[in-house]
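Participant: From the sequence below, what's the structure:
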Amino acid sequence: MQTLPPRAHPDHLKKQAKELLRLYRNGDSQALARFIAALPAAAHRSPAEVIALQLRLHDAQSCIAREYGFNSWADLIAVVEARAVAQQTPSTLTRRWLDLAYGGDVTGNYDAARPRVAAQLLDDHPELVFADVWVALAAGHVEAVRRAVDAEPGWINRAGGPLALPPLVAVTHSRLGQIPQYAARLRDCVRVLLDAGADPDQSIYNRFPPASLASPDESGPLSALYGAAGVNRDPALTAMLLAAGANPNDGESLYHSLENPACTRLLLDGGAQVSGTNALRRALDMPDPSALEWLLAYGGDPNEPAGAGPTQSWGAPLLRAIAVRCPVGHIDALLKAGADPHAQTAAGVSAYRLAMRTGLTDVAQRLRAAGAQDALSDADRFVAACARADAQEARRIQAQHPELPRSLAAESGDPLRLLPDAAAWGSDDAVRLMVELGWPIEARGGDWDASALNHAVFRGDAGLTAFLLAHGANWREAHGYGGDALGTLSWASVNEPTGFDQPDWPACARALRAHGLPAIERDPAQPGRVFIEGRAMRFSEEVTEALLSGGPASAAQ
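Facilitator: This next block holds a predicted model:
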């Protein structure tokens, strides 16, 4: 592993990445060996196989970051920038360190927490934990915390520091809890605070934009328990707070604990109520049904009535499970717990028809076994064939009913939303077939009421993005949060949502440019931002370069 030079500069590192990519594209043997040694996607491959991967700039950046011992390019650049901040005043360095240690709901900005970068910065500047108790809390420095408690016992229940945090919240919300050696230290700090009389129900209000540190969202309380069970998902920390009397019904902890069912079970054993938390529907997003099974075993209603919000739009949990294409294990858990196999959406579409419309024949079989089966119209069969990407069957039905798919607008349950839903699932073949058959390309669906183009961009699916644009999709089409495809690209490229197969947001940016964007300019005051039609926007570095490359953008659509 290489040692990062003390005065490393982002511009120099960017040049290194571009040079590595140039050598790779020229077939340079040393460049290929570097990718094979450092980049997970190239590991254990032959040079010819690595060339066939057609690696891009972000791969070269990732390779260089890993050569220096970092998990990502973003972490590498964050360390370099933090080192530059370290040359400024101690208070500036402290605040930057806290930004790295906490997420935006605590700091009041959009930046994701980078706990490993925070840990690296502590290695470079160990004096931070002695100079500021709020750094000590977030870093799990138990001796510094003990000294603070001894010096002023009443401090343990007062908010303070640059982020106005109660001490227990400062510990449990620190993302350094996701690093094993820090997790143990943070638990020790929680024990010290609880033993000294800290209120286990300490909380703050959410500061994530459009809220802020100065004006938090008072409808979104975030407790210390939420930090333990919902942010760091630490069962040991969760158990400590519950044993101290923390309220498990804080409105957030159960919902956000589901990615670690051990935390979920602790909360349920501690008296957490499932009703009213939306946790059942959130459990449908988990790839494994175990969290759903726990919620149902502890009183979750498999026929829970729908409330407000996008995850409620389908109705009963069984209907949503079908609509978002949950694995059969989730369907089985709901039916076993008493879900009504005859449930219908608000528009009167039965669970069986919905399963067929979404191409889930295995789920339809489960429903038939439970006594549910409806007669399907030719329109239903057409939609089902499209969902399965069965072009032959879909075209056969369309030949008999040339009014399809236009006539689907009059069908119950808005079957036209299958197009954006399929884009959200990543069913490219189904999306392409529907577009070729004349599906309205502007149809909106998915959990955030967005067009197929927005869903394709969110997933970093460059091929589908280009296909949709070539067939008339408009990047200005809004989604349920009020943004457009550029806003979607901004959020996805900066936050890099996981779970997608090789997302390529820079290629999505190039596709958008090729099909019409207004003039794009860098913000001279903040190099990381650009102006588009007077709107200041932020993208990942590589996406920004893709948007700015190739001269003036074409005329806007």
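Participant: just for the chain, where's the confidence low?
Facilitator: Within the chain, the stretches falling below the threshold (pLDDT under 70) are 307-313, 527, 550-557.
Participant: Which residue ranges make up the domains of it?
Facilitator: 10-77, 86-273, 283-369, 378-548 (automatic domain parsing).
Participant: could you dump these to CSV with distance to Q2 and mean neighbour count?
Facilitator: No exception for glycine: its C-beta is placed from N, CA and C like everyone else's. Output for the domains of the chain, formatted as CSV (distance: least, Cβ to Cβ, whole Å; neighbours: other Cβ atoms under 10 Å):
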stretch, distance to Q2, mean neighbour count
domain 10-77, 5, 17
domain 86-273, 14, 20
domain 283-369, 36, 20
domain 378-548, 21, 19
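Participant: okay, these in JSON lines with distance to L4 next?
Facilitator: Written out in JSON lines, the entries for these read as follows (distance: least, Cβ to Cβ, whole Å):
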{"stretch": "domain 10-77", "distance to L4": "5"}
{"stretch": "domain 86-273", "distance to L4": "9"}
{"stretch": "domain 283-369", "distance to L4": "36"}
{"stretch": "domain 378-548", "distance to L4": "18"}
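Participant: The strand ranked longest in the chain pairs with which strands, parallel or anti?
Facilitator: In the chain, ranked by residue count with DSSP state E as the criterion, the top strand is strand 217-223. Strand pairing for strand 217-223, using DSSP bridges, gives strand 203-206 (antiparallel).
Participant: Can you tell me the closest non-neighbouring residue to Y481?
Facilitator: Nearest-residue entry for Y481: W448, 6.1 Å, with adjacent residues in sequence omitted and distances by Cβ to Cβ, 6 or more residues apart in numbering.
Participant: quick one, phi/psi of the residue nearest the centre of the chain?
Facilitator: Nearest to the centroid of the C-alpha atoms of the chain, with distances taken as Cα atoms, centre = their mean, sits P497, at 4.0 Å. For P497, the backbone dihedrals are phi -60, psi 150 (criterion: degrees, to the nearest 10).
Participant: distance of it from A452?
Facilitator: Using Cβ to Cβ, to the nearest Å, one gets 17 Å for the distance from P497 to A452.
Participant: and if you look at A139?
Facilitator: For A139, the distance to A452 (Cβ to Cβ) stands at 45 Å.
Participant: ok, now A424?
Facilitator: Plainly put, A424 is 8 Å away from A452 if you go by Cβ to Cβ.
Participant: again with Y205
Facilitator: Taking Cβ to Cβ as the measure, Y205 falls 36 Å from A452.
Participant: try R320
Facilitator: Distance of R320 to A452, given as Cβ to Cβ: 20 Å.
Participant: right, and the helix or strand after the longest strand of the chain?
Facilitator: Following the chain from strand 217-223 toward its C-terminal end, the next helix or strand by DSSP states H and E is helix 224-226.
Participant: And the contacts of that following helix?
Facilitator: When contacts are defined by Cβ atoms under 8 Å, 6 or more residues apart in numbering, helix 224-226 is touched by residues 166, 168-169, 171-173, 200-203, 238, 241-242, 246-248, 250, 252-253, 256.
Participant: Restricted to helices, list those residues.
Facilitator: Residues from those lying in helices, with DSSP state H as the criterion: L168, V169, V171, T172, T238, L241, L242, S253, H256.
Participant: With distance to R56 as extra columns, can I get those in CSV?
Facilitator: Supplementary listing: the ones in helices among the contacts of helix 224-226 in CSV, determined by distance: Cβ to Cβ, whole Å:
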residue, distance to R56
L168, 44
V169, 41
V171, 40
T172, 39
T238, 41
L241, 45
L242, 47
S253, 40
H256, 34
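Participant: For the stretch 101-250 of the chain, just list every one of the helices.
Facilitator: Listed in chain order, the helices of the stretch 101-250 of the chain (DSSP state H, counting those that start in this stretch) span residues 104-107, 115-124, 128-131, 133-139, 142-151, 167-172, 180-195, 224-226, 235-243.
Participant: Quick one, which of these gets closest to W475.
Facilitator: Between W475 and those, the tightest spacing by Cβ to Cβ is seen for helix 104-107, at 25.9 Å.
Participant: packing partners for the closest one?
Facilitator: Packed against helix 104-107, as judged by 3 or more Cβ pairs under 8 Å, 6 or more residues apart in numbering; DSSP states H and E, are the following elements: strand 217-223.
Participant: what angle separates the strand it packs on from helix 235-243?
Facilitator: For the pair strand 217-223 and helix 235-243, the angle between their directions (axes from the mean of the first three to the mean of the last three Cα atoms, to 10 degrees) equals 100 degrees.
Participant: which residues touch strand 217-223?
Facilitator: By Cβ under 8 Å, 6+ apart, the residues outside strand 217-223 that reach it are 105-106, 169, 173, 201-208, 211, 246-247, 250-253.
Participant: Please apply the same query to stretch 380-399.
Facilitator: 353, 356-359, 361, 376, 378, 401, 404-405, 408, 415, 418, 422, 427, 429-430, 433-434, 437, 439.
Participant: again, only using 7 Å
Facilitator: Outside stretch 380-399, the residues within contact range by Cβ atoms under 7 Å, 6 or more residues apart in numbering are 353, 356-359, 378, 404, 408, 415, 418, 422, 427, 429-430, 433-434, 437.
Participant: Check stretch 187-207 too.
Facilitator: Contact partners of stretch 187-207, identified using Cβ under 7 Å, 6+ apart, comprise 105-108, 137, 140, 142, 145-146, 149, 153, 156-157, 165-169, 171-172, 213, 216-218, 220-224, 236-237, 240-241, 244-247.
Participant: what's the straight distance from one end of it to the other?
Facilitator: 25 Å (Cα to Cα, to the nearest Å).
Participant: just use 39 as the starting number from now, easier for me
Facilitator: Okay, using 39 as the starting number, the last item reads as stretch 225-245.
Participant: Distance from the chain centre to it, please.
Facilitator: Using Cα atoms, centre = their mean, to the nearest Å, the distance from the centre of stretch 225-245 to the centre of the chain it belongs to is 27 Å.
Participant: Which residues are in contact with F496?
Facilitator: Contact criterion Cβ under 7 Å, 6+ apart gives T526, A530 as the residues in contact with F496.
Participant: State whether E559 is indeed within a helix.
Facilitator: No. Counting by DSSP: H, G, I helix; E, B strand; the rest coil, E559 is not found in a helix; it is strand.
Participant: Quick check: it touching E571?
Facilitator: No. Applying Cβ atoms under 7 Å, one finds E559 not in contact with E571, separated by 10.4 Å.
Participant: Please work out how many residues are found near A46.
Facilitator: Per other Cβ atoms under 10 Å, the neighbour tally for A46 reads 18.
Participant: phi, psi of the residue nearest to it when sequence neighbours are not counted?
Facilitator: Take A46 and drop its neighbours on the chain: the residue closest to it by Cβ to Cβ, 6+ apart is V118, 5.0 Å away. The phi and psi torsions at V118 (degrees, to the nearest 10) take the values phi -60, psi -40.
Participant: what's the spacing between V118 and E105?
Facilitator: Per Cβ to Cβ, V118 is found 14 Å from E105.
Participant: G376 too?
Facilitator: According to Cβ to Cβ, G376 stands 55 Å off from E105.
Participant: just L136 next, same as before
Facilitator: Look at L136 and E105: by Cβ to Cβ, they are 29 Å apart.
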